[in-house]
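K.L.:
quick one, fold the following:
(2 chains)
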Amino acid sequence: GESVGLHLPTLSVQEGDNSIINCAYSNSASDYFIWYKQESGKGPQFIIDIRSNMDKRQGQRVTVLLNKTVKHLSLQIAATQPGDSAVYFCAERGYQKVTFGTGTKLQVIP
Amino acid sequence: DTEVTQTPKHLVMGMTNKKSLKCEQHMGHRAMYWYKQKAKKPPELMFVYSYEKLSINESVPSRFSPECPNSSLLNLHLHALQPEDSALYLCASSQLDLISFNSPLHFGNGTRLTVT
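P.N.:
Numbers count the residues shown, from 1 in each chain, chains lettered A, B, ... in the order given. As a prediction, the model looks like this:
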């Protein structure tokens, strides 16, 4: 069946360094992917998305890379700040459904 | 603050109680969703409404009853819940792009439900 999973449950990064969060998906028919950030006590917050006809998309301090050959997705956060500490989910969008991966907790070390 | 508002923020209920969770959005989105999230787990889809009609029910027990009174409101009626139903209940909305479905969900901050 379909699954969207993450490689690492926890990632610790020094403040100011770049962070890379990885995600693998198994459904080769997936055509739209989303990254969400969830802070403690809050709902998931949209960060950035990418369609399958793209390899890379950039936002403010964030970049998403998509490698369809190996079904891999990554989120890069430049100059990581304490406010980036949260759980990050990759998600796959199908017809009316968004299916979430297991999540990576990002800890920023001051 | 999010553009999807959920009330109440916290709810404690007994197994014989009847309660309702409410969700409201004014972004003109025509798709609305209920998700359930247990601690340290990803959100899991429960229901999807498209144009105020229930389009997806992910085999959710009948003690959870969704309702979409209009395009801005979404309710989740709760009755005879079990302690294992304790979780964060998230509401979300999105545009309904019938061509590509490439539209992210916008989430509220959830209702933290405890069933005693």
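
K.L.:
where in the chain is pLDDT low?
P.N.:
Assuming you mean chain A. A:1-8, A:95 (pLDDT under 70).

K.L.:
that answer is for a different chain, and I need it for chain B
P.N.:
B:1-2, B:97-102.

K.L.:
which positions in it make contact with chain A?
P.N.:
Counting by C-beta under 8 Å from any C-beta of the partner chain, chain B comes close to chain A at B:2, B:4, B:31, B:33, B:40-45, B:48, B:50, B:55-56, B:90, B:92, B:100-110. C-betas here are computed from N, CA, C, even on glycine.

K.L.:
any of those buried? List them.
P.N.:
Among the residues of chain B next to chain A, the ones that count as buried by 16 or more other C-beta atoms under 10 Å in any protein chain shown are B:2, B:4, B:31, B:33, B:42-45, B:48, B:50, B:56, B:90, B:92, B:101-110.

K.L.:
what count of nearby residues applies to the nearest residue to residue B:44 once chain neighbours are set aside?
P.N.:
Counting by C-beta to C-beta, 6 or more residues apart in numbering or on different chains, residue B:44 lies nearest to residue B:36, which is 5.3 Å off, once chain neighbours are set aside. Number of residues near residue B:36 (other C-beta atoms under 10 Å in any protein chain shown) recorded here: 21.

K.L.:
separation between residue A:107 and chain B?
P.N.:
Using C-beta to the nearest C-beta, to the nearest Å, residue A:107 is found at 14 Å from chain B.

K.L.:
for that residue, give the beta-bridge partners.
P.N.:
Here residue A:107 sits in beta bridges with residue A:12, going by DSSP bridges.

K.L.:
just to check, it is in contact with residue A:10?
P.N.:
Yes. Using C-beta atoms under 8 Å, residue A:107 is in contact with residue A:10, at 6.7 Å.

K.L.:
higher neighbour count, the two?
P.N.:
With neighbours defined as other C-beta under 10 Å, residue A:107 and residue A:10 compare such that residue A:107 has more, 14 against 10.

K.L.:
what about the residue nearest the centre of chain B, which helix or strand?
P.N.:
Note on chain B: the residue nearest the mean C-alpha position is residue B:34, at 2.6 Å, using C-alpha atoms, centre = their mean. Using DSSP states H and E, residue B:34 maps to strand B:31-37.

K.L.:
for the residue nearest to residue B:44, list each beta-bridge partner.
P.N.:
Beta-bridge partners for residue B:36, by DSSP bridges, are residue B:44, residue B:89.

K.L.:
next, work out how far apart it and residue A:87 are.
P.N.:
Look at residue B:36 and residue A:87: by C-beta to C-beta, to the nearest Å, they are 16 Å apart.

K.L.:
same check, this time on residue A:97
P.N.:
For residue A:97 relative to residue A:87 (C-beta to C-beta), the value is 20 Å.

K.L.:
name the nearest residue to residue B:57, ignoring sequence neighbours.
P.N.:
Closest to residue B:57 by C-beta to C-beta, 6+ apart is residue B:47, at 5.7 Å.

K.L.:
give me every residue that touches residue B:80.
P.N.:
Counting by C-beta atoms under 8 Å, 6 or more residues apart in numbering or on different chains, residue B:80 makes contact with B:15-16, B:63.

K.L.:
mind redoing it with 10 Å?
P.N.:
Contact analysis of residue B:80 by C-beta atoms under 10 Å, 6 or more residues apart in numbering or on different chains lists B:14-18, B:61-63, B:115.
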